[in-house]
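S.K.: structure of the sequence below:
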Amino acid sequence: MEVKLQSGEQIVDLERNGYKIIQNRERFCFGMDAVLLTGFAKVGKGERALDLGTGTGIIPILLEAKTEGQDFEALEIQPESAEMARRSVMLNNLQERIKIVDGDIKEASKIFGVASFNVVTTNPPYMTENHGVKNPDEPKAIARHEIKCNLEDVIRESAKLLKPKGRFYMVHRPRRLAEIISLMKEYRIEPKRLRMIHPFADRDANMLLIEGVRGGKSMMVVEPPLIVYEKPGVYTKEIHEIYGF
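M.R.: Numbers count the residues shown, from 1 in each chain. Alright, predicted model coming up:
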């Protein structure tokens, strides 16, 4: 389906199922973290998945391409980003499979209803409101800093939204791992899988992927690290497989 592009927008090929996405570098473009999350998350046949803070819709679009999920919904607080995501859904003729909803993560369980999803995914703001230099551009600041919601909001609402034994998937920063695990346990999402992402094999991890199960038993597997680059500018084989090129 043909869609109208706004000023500053461009269409990016996602290298999956012929799907494309609308991006605007003046606002906020998806990054590798979102793509890696879609390689880590699992949505089974007949399952319903929700992405919290979807931005321009990259995660539900890629999960629809990569998994056998029944349907995908996504929540976004910034109207302009939500509208852009809806046009990307239309661009790929996925209106029957993906629904983009305007709304606040802090109200997510009221918007969708408790115990409504088998899977919840999220790529939330990594930095607390007072951490780091805040981008003067509001859309980018909201995406990167906990201005509209914080980590506890995300985990609390995810716990409410998940069905019993439903799965929670998040990409975040290693420096907040202790806080992440503490909050997941507080809201009865048991951490089950953890994978650290390293830019190079000899560098410290700069991202993490974590899976939790609502009401699951206590046992977590730490998976082998994911290395992004073999050498500067050259992705590893696994990164190529996740991206699909």
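S.K.: show me the shaky parts of the chain.
M.R.: Along the chain, the model assigns pLDDT under 70 to residues 1, 127-147, 245.
S.K.: ok, which stretches of it are helices?
M.R.: Assigned by DSSP state H, the chain shows helices spanning 32-40, 58-66, 79-91, 108-112, 138-144, 151-161, 177-186, 237-243.
S.K.: can I get the first one in CSV? Just the C-alpha atoms.
M.R.: Right, helix 32-40. In CSV, the C-alpha atoms belonging to helix 32-40 read as follows (Å, rounded to 0.1, in the frame of the first residue of the first chain):
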residue,chain,number,x,y,z
MET,A,32,20.3,-2.3,16.9
ASP,A,33,18.9,-2.9,20.4
ALA,A,34,15.4,-3.2,19.1
VAL,A,35,16.5,-5.6,16.3
LEU,A,36,18.4,-7.7,18.8
LEU,A,37,15.4,-7.9,21.0
THR,A,38,13.3,-9.4,18.1
GLY,A,39,16.0,-12.0,17.7
PHE,A,40,15.8,-12.9,21.4
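S.K.: that one packs against which elements?
M.R.: Counting contacts by 3 or more CB pairs under 8 Å, 6 or more residues apart in numbering; DSSP states H and E, helix 32-40 packs against helix 58-66, strand 162-172, strand 189-198, strand 207-214, helix 237-243. In short, each C-beta sits where N, CA and C put it, glycine included.
S.K.: buried stuff in the last one?
M.R.: Burial within helix 237-243, assessed by neighbour count using 16 or more other CB atoms under 10 Å, is assigned to 239, 242-243.
S.K.: from the residues you listed, which single one is nearest Thr67?
M.R.: Ile242 (13.4 Å; CB to CB).
S.K.: nearest spatial neighbour of the closest one, chain-adjacent residues omitted?
M.R.: The shortest distance from Ile242 to any non-neighbouring residue, by CB to CB, 6 or more residues apart in numbering, is to Gly39 (3.8 Å).
S.K.: was I right about that neighbour contacting Gly244?
M.R.: No. Between Gly39 and Gly244 there is no contact under CB atoms under 8 Å: 9.4 Å.
S.K.: neighbour-wise, which of these two wins?
M.R.: Between Gly39 and Gly244, counting by other CB atoms under 10 Å, Gly39 is the more crowded of the two (19 against 14).
S.K.: ok, Trp175 to Met207 distance?
M.R.: One correction, residue 175 is Arg, not Trp. For Arg175, the distance to Met207 equals 11 Å [CB to CB, to the nearest Å].
S.K.: number of residues surrounding Glu152?
M.R.: For Glu152, the neighbour count with other CB under 10 Å is 15.
S.K.: hmm, Ser109 and Ala160 touching each other?
M.R.: No Ala there; residue 160 is Lys. Yes. With contact defined as CB under 8 Å, Lys160 counts as touching Ser109 (3.7 Å).
S.K.: mind listing what the residue nearest to Met32 when sequence neighbours are not counted touches?
M.R.: Leaving aside its chain neighbours, Met32 sits nearest to Val228 (7.2 Å; criterion: CB to CB, 6+ apart). Going by CB atoms under 8 Å, 6 or more residues apart in numbering, Val228 touches 32, 197-200, 235-236, 239.
S.K.: again, 10 Å this time
M.R.: Under the criterion of CB atoms under 10 Å, 6 or more residues apart in numbering, the neighbours of Val228 are 32, 36, 197-201, 203, 206-207, 234-236, 238-239, 242.
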